[in-house]
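1. Show me the folded form of this:
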Amino acid sequence: MTPQEQQEPQAPQETPSPKRRRGRPTGARAGDSGTRERILAAARAVFSERGYDRTSIRAIARAAEVDPALVHHYFGAKEQIFEAAIEVSFAPALSVPELLAAGPEGVGERLARYFLSVWQNPVTRAPLLAVVRSAVTNETAATVLRGFVLRRLLLRVVGELDLPDARLRAELAAAQMMGVVLMRYVLKVEPLASATEEEVVAYVAPTIQRYLTAAE
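-> So this is what the prediction gives:
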């Protein structure tokens, strides 16, 4: 090395900044407290606003302020996070077997009144409407909803019925109430849409009672 080279200061070596790994979460990490719940809350909101078809994993991630990789980490594909959102939305309906366990007398009225109260409440109605609308327009969403309703709700109802054709009876009772929901809250067909809860219960309860107890 020459004397001139010894006197000249050496340029500092730049330390390369670590590259961000692909798929690394932004703003939250797997295992952070509340991350899963935040993603699920965002998914419910986005599904409610856009429906199943127009909702993407990226849109859910943006709403939750996380990397899309985190959404996949916790829930997998879109249909799986939709199913998780359904479970939360339908949580009130999962107490239906307990209403049946109270005995056959007046079960039609109890179920009709309870079901309508869930849909009359704006807080529970909004996510349920999103689920129903998505299932009506998208076969994947319909398949997920069918599987959930069968596995988590109807089979539990059937377990409480000591009647022939118990599964068919449970499905007919569910169809009766879902038909009321579609006409009253989704299509808003009059005069059903404007009828009072008491009026609807008075007409619907006897039919549900007959399905679930064979009583006329």
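2. Residue 55: helix or strand, and which one exactly?
-> Per DSSP states H and E: residue 55 is located in neither a helix nor a strand.
3. Could you measure from it over to residue 194?
-> According to Cβ to Cβ, to the nearest Å, residue 55 stands 31 Å off from residue 194. To be clear about C-beta, it is placed using only N, CA and C from the backbone, and glycine gets the same treatment.
4. Spell out for me which residue occupies the centre of this structure.
-> The centroid of the chain falls nearest to residue 86 when counting by Cα atoms, centre = their mean (1.9 Å).
5. In terms of neighbours, single out the busier of residue 55 and residue 194.
-> Between residue 55 and residue 194, counted using other Cβ atoms under 10 Å, the more crowded position is residue 55 (24 against 10).
6. and that one, what does it touch?
-> Going by Cβ atoms under 8 Å, 6 or more residues apart in numbering, residue 55 touches 43, 46, 47, 78, 82.
7. can we see that at 6 Å?
-> Residue 55 makes contact with 46, 47 under the criterion Cβ atoms under 6 Å, 6 or more residues apart in numbering.
8. and if you look at residue 126?
-> residue 48.
9. Equivalent analysis for residue 79, please.
-> Residue 79 touches 140, 144, counting by Cβ under 6 Å, 6+ apart.
10. where's it relative to residue 188, distance?
-> Note on residue 79: its distance to residue 188, by Cβ to Cβ, is 29 Å.
11. so how far is residue 130 from residue 118?
-> The spacing between residue 118 and residue 130, counted by Cβ to Cβ, is 14 Å.
12. ok, the two, which is more surrounded?
-> Taking other Cβ under 10 Å, residue 118 and residue 130 do not tie; residue 130 has more neighbours (25 against 18).
13. surely that one meets residue 47?
-> Yes - in this structure, residue 130 is within contact of residue 47 by Cβ atoms under 6 Å, at 5.0 Å.
14. Return the helix or strand in the chain with minimum mean pLDDT.
-> One helix or strand of the chain scores below all others by mean pLDDT, DSSP states H and E: helix 3-7, with a mean of 51.
15. Heading C-terminal from the helix or strand encompassing residue 155, find the next helix or strand.
-> Residue 155 is located in helix 155-159, with elements delineated by DSSP H and E. Next helix or strand after helix 155-159 toward the C-terminus (DSSP H and E): helix 166-181.
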